[in-house]
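> From the sequence below, what's the structure:
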Amino acid sequence: MTSYGQSYEWRIAEEDRAWTADLSKTLGISHVVAHAMRSRGITTAEEARAFLNPTVDDLADPFSLTDVETAVARLRRASKAQEQVLIFGDYDVDGIAGIAVLISALRRCGIHRYSYLMPSRLTEGYGMAPEHVEAAHRDGVSLIVTVDNGINARDAADVAHRLGIDMIITDHHRLEGDLPEAVAVVDPKREGREHPYWPISGAAVAFTLARALTGEIEDLDLVALGTVADVMPLRGQNRVLVMLGLEEMIRRPRLGLRHLANVAGIKIEEITAEKIAFVLGPRLNAAGRLGDGLVPLQLLLTDSPTEAQRIASELNRANEERRGIEKVIYDEAIEEIEATVYTDRAAIVLSRNGWHPGVIGIVAARIQSAYKRPAILLAIDEDGIARGSARSMDEFDMVDALNACKEHIIRFGGHSAAAGLTLRQENLPAFQAAFEAEALQRMGRLPPVRTLEIDALLSFSEIDPRLVRELDRLEPFGCMNPAPVFCTYGVTPLPHSLRELRGGHARFTAQQGSRIFEAVGFNMAELLQQTVGTRPIDIAFQPRLNTWRGETTIQLVLKDIHPSSPCS
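Purely as a prediction, here's the structure:
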């Protein structure tokens, strides 16, 4: 079933009424929740039970990953000989969380001579370089363990081999070319797509090795942090890891995360995947984007309340600074897009001297979301090197597209939806033309239709607190498990109820039959002003419980809105 809104094409999931009724009866859940699970690809009662109630027993065997056994043996040897070990991680939340997971595991298995390092996002970019290995050799390191990087670090691995340093690579990125020279390469992308660990995060790979090494299940809060922040699909093993990690975060909150939540204005006891994605994650990333990624790692490791408070406040300030820089870059990018032919192209590639290389990834994601086509932003430094971030959508594999343009690129890497790249300024025109041609061949000139996936048509009479609480059982929400969205037709806005809020938000009172709810549209003030009047409207929304001054009410969070049509 399809209906058309002002902003999106609405696609309402078809319902298998017999299956929904059977699952509802079997599990004692509402038809609405049963249908929402069906629309997420769940086809059996056993899958549904596991989805709603994951346990530690649902975690796959860590030794099912290639080279885990070899990596464990090498780490135990390092423990026995008290070797000097270097953990080399990425500078984003996933890498930082993975480093902390591995440090905890090394301590528990008796390795106390260790150090950790990550490259500078601003001056070095992603991944391990030969210079890092040479510095480690001077420091007496005999074993390097990577976290969330290394699968394509062949030059660094060759230097390590020449200098007599063993490497254990733990990563979750795609291999491009031959395997690097290493004692063990633990990466789920070496397995087939059917392997349960195929889509896990870098922190989850580090956790899997730690679990195999120690036989213990620890630091799931960190795994949840890395998995959500790295926008991994919240299905299968990731769903288990994140649900258990959130429970641990609530039950035994890590000191640093508690302080970070406090300065961000949320309660760690009410943490959700969405709050990790939009509140904690950006703050942990902010320091690395602007300079030093080791600062948030120290927050995750500290047991000092004073230090935790100081670092949390520092990260909060860095996040505010990041938001200001992001706004400037975004406004400049939008101005350039609208002033040129970019709106008619299959892909958007923008570059500029002076853009902050640590922030352009966020802006690229916003540009991609706004224009529904692949977007790449590049910051050019004074040496003529352009460092960029690329963002894409499901139907366009960014790494494959960059691989097709590799003759113009110094290096690149990442996922199908997000990647980083480096090239020389003089190669920008050729790269832009090649990437546009690749996007045009894969997608055509017109961008995909903006669609909004709707779980079901739901009347106001069906909405009550019990249903909203039951829908919360589908959490954690995120990639491949979005919060359920419903739609309803023929809603009447109460006269003079529209109120514009600060920040481009607005709310109004909506009535259908005898039921009345407050509806709020975030960043929708302009659309609501154009649409909300005295005539009936159709709305797409998410029902949420909202507590204000001790009173809990149901609030409809709007996703889209348009005037009712005669056939609604």
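> name the element residue 104 belongs to?
Under the criterion of DSSP states H and E, residue 104 resides in helix 93-108.
> Centre of the chain to that helix, how far?
In terms of CA atoms, centre = their mean, to the nearest Å, the centre of helix 93-108 is set 19 Å apart from its chain centre.
> Pull out the buried residues from it.
Burial within helix 93-108, assessed by neighbour count using 16 or more other CB atoms under 10 Å, is assigned to 93-106. (Each C-beta comes from the backbone N, C-alpha and C, glycine too.)
> Mind putting those into TSV with distance to residue 170 and pLDDT?
Formatted as TSV, the buried residues of helix 93-108 follow (distance: CB to CB, whole Å; pLDDT from 0 to 100):
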residue	distance to residue 170	pLDDT
93	16	95
94	12	96
95	10	95
96	14	96
97	13	98
98	7	98
99	10	98
100	14	98
101	10	98
102	8	98
103	13	98
104	14	97
105	11	98
106	13	97
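> Of those, which is the nearest to residue 427?
residue 95 (28.2 Å; CB to CB).
> That closest one - nearest residue in space that isn't next to it in sequence?
Leaving out its chain neighbours, the residue that sits closest to residue 95 by CB to CB, 6 or more residues apart in numbering is residue 148, at 3.8 Å.
> which residues does that neighbour contact?
By CB atoms under 8 Å, 6 or more residues apart in numbering, the contact set of residue 148 is 89-90, 92, 94-95, 98, 170-173, 201-203, 205-206, 226.
> run the last query once more with 7 Å
Residue 148 makes contacts with 89-90, 94-95, 98, 171-172, 202, as judged by CB atoms under 7 Å, 6 or more residues apart in numbering.
> starting at the chain centroid, how far to the next helix or strand after the helix holding residue 104?
Toward the C-terminal end, the helix or strand that comes next after helix 93-108 (DSSP H and E) is strand 114-117. Centroid separation for strand 114-117 versus its chain: 26 Å, with CA atoms, centre = their mean.
> Please name every helix or strand in contact with strand 114-117.
The contact analysis (3 or more CB pairs under 7 Å, 6 or more residues apart in numbering; DSSP states H and E) places strand 114-117 against strand 85-89, helix 93-108.
> Dump those into JSON lines; add distance to residue 243 as well.
Listed next are these as JSON lines, based on distance: least, CB to CB, whole Å:
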{"stretch": "strand 85-89", "distance to residue 243": "25"}
{"stretch": "helix 93-108", "distance to residue 243": "16"}
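> got the CA positions of the helix or strand containing residue 25 in PDB?
Residue 25 belongs to helix 17-27 when assigned by DSSP H and E. Extracted C-alpha coordinates of helix 17-27, given in PDB (Å, rounded to 0.1, in the frame of the first residue of the first chain):
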ATOM      1  CA  ARG A  17      -3.500 -11.000   9.600                       C
ATOM      2  CA  ALA A  18      -3.400 -14.700  10.300                       C
ATOM      3  CA  TRP A  19       0.300 -14.800  11.200                       C
ATOM      4  CA  THR A  20      -0.100 -11.600  13.300                       C
ATOM      5  CA  ALA A  21      -3.000 -13.100  15.200                       C
ATOM      6  CA  ASP A  22      -1.200 -16.400  15.800                       C
ATOM      7  CA  LEU A  23       2.000 -14.700  17.100                       C
ATOM      8  CA  SER A  24      -0.100 -12.300  19.300                       C
ATOM      9  CA  LYS A  25      -1.800 -15.300  20.900                       C
ATOM     10  CA  THR A  26       1.400 -17.400  21.300                       C
ATOM     11  CA  LEU A  27       3.500 -14.600  22.900                       C
END
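> List the buried residues of that helix.
Result for helix 17-27 [16+ other CB under 10 Å]: buried residues 20, 23-24, 27.
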